[in-house]
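In: With the input below, show me the fold.
(chains A and B)
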Amino acid sequence: MKFGKYVARRVLQMIPVILAIICICFMIIHLAPGDPATILAGETAADEYIAELSAQFGLDQPMWKQLLIYMKNVFQGNLGESFADKIPVTTMLAERMKVTLMLVLPSEILAIAIGTLLGLTAAKRENRLQDHLISNLSIVLYCMPTFWLGMMLMLLFAVNLKWLPTSGMQSFNTTLSPFLDTLRHMILPSVTLILVRIPTYLKLARSSIVEVAQEDFINTARAIGYSEHVVYRKHALRNALLPTVTQVGMSLSTLFSGALLTETVFSWPGMGRMVYDAIATRDYPVIMGGFLVSAVMVVIGSFITDIIYMYLDPRVVAE
Amino acid sequence: MLLEVKNLCVDFKVGKQTLRAVNDVSFSLGERDSLGLVGESGCGKSTTAFALMRLLAKNGRIAGGQVLLNGLDLASAPYDEIRKVRWKDIAIIFQNAMTALNPVQKIGNQLVNALQEHENVSRKEAIERAEYLFERVGIAKSRLMQYPHEFSGGMKQRAVIALALICKPKILIADEPTTALDVVAQRQVIELLAGLQDEFHISIIMISHDISAVAEACSHIAVMYGGEIMEMGNSKDVLIRNNHPYTHALVGSFPSLHKPLSALMQIPGGAPNLADMPVGCPFSPRCPYATDLCREKKPPMRQVRLGKLCKCHYAEELDFNRKEG
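Out: Numbering: from 1, shown residues only, chains lettered A, B, ... in the order given. Presented below is the predicted three-dimensional model:
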């Protein structure tokens, strides 16, 4: 009962947050220089044609009116139509989201698992050789620009060694089944994403476990005679997971908005690419759609985080 | 003897220095004995207790001596042997009961898991035993499967005691078991421990800075200063007939219930700096009776009379008999 009430309250709280996000995104995008009608019409277009396009997209209206119309449509489940492709934005989002999730979700899960386990190993061997190796490696990874890492992997494994395809999602001429072919295309962007995301989870887990390991109940666990393995896995880790959960909740938005850089480097046709292309052509409805999805995901992510908190730490419910 | 500690030394590495936190400590503990370790903060009493269970911090190590438990030397035994001894033979109640329990695990499960770590018992049997102990320490057994944050401070202290007894240890170390409690609860915990000692036939090592509380609860007392035992004997003898000026000062620094209120004694100076210990007696810089001999030569531990050991050059002369005033 208490739980149901809590969920209901949180859901209601989300509404004004999302409204505010829509307003802010809408204004920022319209403030950006460049006009979609001019870009679509091309450099040599006549002024009459540009004016006609503007009227067609409703861009000749004052901004507050455009915003109200957009809001009304959003609440009817209509995110508008792409200026460039003339396809409903919802259709585009659904399709792109699937492609992005396919790449980002498994990568993120692997990054969390590998990062946390490496963090645990480093914490167990605090200030010893293993810890220094792992911690320095994570700093190197953290400092590496995503696009550079992606390009280097591509250069090595796709261009020089020719083990894997350079980019895209599918090859035209292949003997592999579509599933295996896509999997092959996924490897390089996935590895890039995993390597880039590992340091965050590694550092979080390490510092959090080192801190928890100094608490009294860890001494109790040792005094009881549990092995170091049990002391860390069963007693320290669960108490140390809260910051990681927070981070996962926050990165849920990047799950949906897509890893823009990685998708661009590997021409992965996901949300990130879509938003990137839309920005280049000032395709307002598509940009708004992409922003909206990632904003809603941040809100939902923090909500899910709170629910997991309750499961991990019984004290949260009491408060 | 159940437990014999011989010339135990513990070193800590701090930066490039090696500090001796426990120096040449020897004592023994028989079955159903109780020994109180008393002294100021930083005198090495907790470190001694932790060393018995090999629970020293990462930078600490046993630098010498033996800890014999039924013939097994805990000071040198391999770690896996130590793990078997922990909780099964020696259990400990840590100083801070408020944080000694895992906050995200039900207390009942913490008891059950500890028992199952050492004994091959079913979960049902383990729960029954945990329930019995809960009732024995005065907590309703219906609260067994609750989390630590649902318990009050006094209840947590009791739960910690129940946890310490779950494997029926032979020796129980109680590290300042009453420090975090109010006076009434302190009394209850001391009485509870005494009752449990009779019921479970355990030997207790109690660590405290409160010499009078320890004198009530324990049959023997060892007074520690600067990592060394200064005076040791049966409780009454140590409390009433002090042979060491430090014991004398320590007893005098607590208010008495039975005598008219008078100014409490205080010991000038602070606890000794382990990095800069005096050549002679460690207490000599603060001792009102110290002579050149004390400052130059370390006094050996010697028997002053039957059952009373003291580390002072002038133990016989400084026979402070409190009854005579």
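
In: Assign residue 248 to one of the three secondary structure states.
Out: If you meant another chain, say so; for now it's chain A. helix (DSSP: H, G, I helix; E, B strand; the rest coil).

In: hang on, isn't it packed against residue A:309?
Out: No - the pair residue A:248 / residue A:309 is not scored as a contact, 11.4 Å apart, by CB atoms under 8 Å. Where C-beta positions appear, they are placed from N, C-alpha and C, glycine not excepted.

In: Which one's more surrounded, those two?
Out: residue A:248 (21 against 17; other CB atoms under 10 Å in any protein chain shown).

In: which residues does the closest residue to chain B within chain A contact?
Out: Closest contact between chain A and chain B, by CB to the nearest CB, is at residue A:225 (3.6 Å). By CB atoms under 8 Å, 6 or more residues apart in numbering or on different chains, residue A:225 lies in contact with B:82, B:83, B:84, B:85, B:86, B:87, B:88, B:117, B:118.

In: Which strand or helix spans the most centrally placed residue in chain B?
Out: Nearest to the geometric centre of chain B sits residue B:207, at 2.6 Å (CA atoms, centre = their mean). Taking DSSP states H and E as the criterion, the element that holds residue B:207 is strand B:203-208.

In: can you give me how far the very next helix or strand once past that strand is from the chain middle?
Out: Sequence order places helix B:211-217 as the next helix or strand after strand B:203-208, per DSSP H and E. Helix B:211-217 sits 12 Å away from the centroid of its parent chain (CA atoms, centre = their mean, to the nearest Å).

In: which residues does residue 285 contact?
Out: In the absence of a named chain, chain A is used. With CB under 8 Å, 6+ apart, residue A:285 has these contacts: A:79, A:80, A:81, A:82, A:83, A:89.

In: my question was about chain B
Out: Listed by CB under 8 Å, 6+ apart, the contact partners of residue B:285 are B:269, B:272, B:278.

In: give me the number of residues near residue B:58?
Out: 10.

In: Could you check the pLDDT of it?
Out: Looking at residue B:58, its pLDDT stands at 86.

In: Over to it. Which of the three states is it?
Out: Three-state call for residue B:58 (three-state DSSP): coil.

In: Could you tell me the phi and psi values at it?
Out: Note on residue B:58: backbone dihedrals following degrees, to the nearest 10 are phi -60, psi -30.

In: likewise the one 5 residues further on?
Out: Backbone torsions of residue B:63, given as degrees, to the nearest 10, read phi -90, psi -10.

In: for it, what are its contacts?
Out: Residue B:63 touches B:9, B:10, B:11, B:20, counting by CB under 8 Å, 6+ apart.

In: now those in TSV, with pLDDT and distance to residue A:300?
Out: Output for those, formatted as TSV (pLDDT from 0 to 100; distance: CB to CB, whole Å):
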residue	pLDDT	distance to residue A:300
B:9	95	60
B:10	95	54
B:11	94	55
B:20	92	58
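
In: Just the buried ones from the residues you listed?
Out: B:9, B:10, B:11, B:20 (16 or more other CB atoms under 10 Å in any protein chain shown).

In: need the strands for chain A, in chain order.
Out: For chain A, no strands are identified by DSSP state E.

In: For it, what lies in contact range of chain B?
Out: Neighbours of chain B within chain A, by CB under 8 Å from any CB of the partner chain: A:215-217, A:219-227, A:235, A:238-239, A:312-315, A:318.

In: which ones are touching the closest residue to residue A:32 other than its chain neighbours?
Out: The shortest distance from residue A:32 to any non-neighbouring residue, by CB to CB, 6 or more residues apart in numbering or on different chains, is to residue A:282 (7.7 Å). Residues near residue A:282 by CB under 8 Å, 6+ apart: A:32, A:34, A:35, A:36, A:39, A:83.

In: How about residue A:260?
Out: By CB under 8 Å, 6+ apart, the neighbours of residue A:260 are A:272, A:273, A:275, A:276.

In: circling back: from the residues of chain A next to chain B, which ones fall inside helices?
Out: A:216-217, A:219-224, A:238-239, A:312, A:314-315, A:318 (DSSP state H).

In: Show me how to select, in PyMOL, the buried members of those.
Out: Selection of buried members from these for PyMOL, criterion 16+ other CB under 10 Å:
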select buried, chain A and resi 216+217+219+220+221+222+223+224+238+239+312+314
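
In: Quick one, which of the ones in helices among the residues of chain A next to chain B has the minimum pLDDT?
Out: For these, the least confident entry is residue A:318, with 55.

In: Which single helix of chain B contains the most residues?
Out: Per DSSP H, chain B has its longest helix at helix B:183-200.

In: Could you check the pLDDT of residue B:122?
Out: pLDDT for residue B:122: 95.

In: how far away is it from chain A?
Out: Between residue B:122 and chain A the computed distance is 19 Å (CB to the nearest CB, to the nearest Å).
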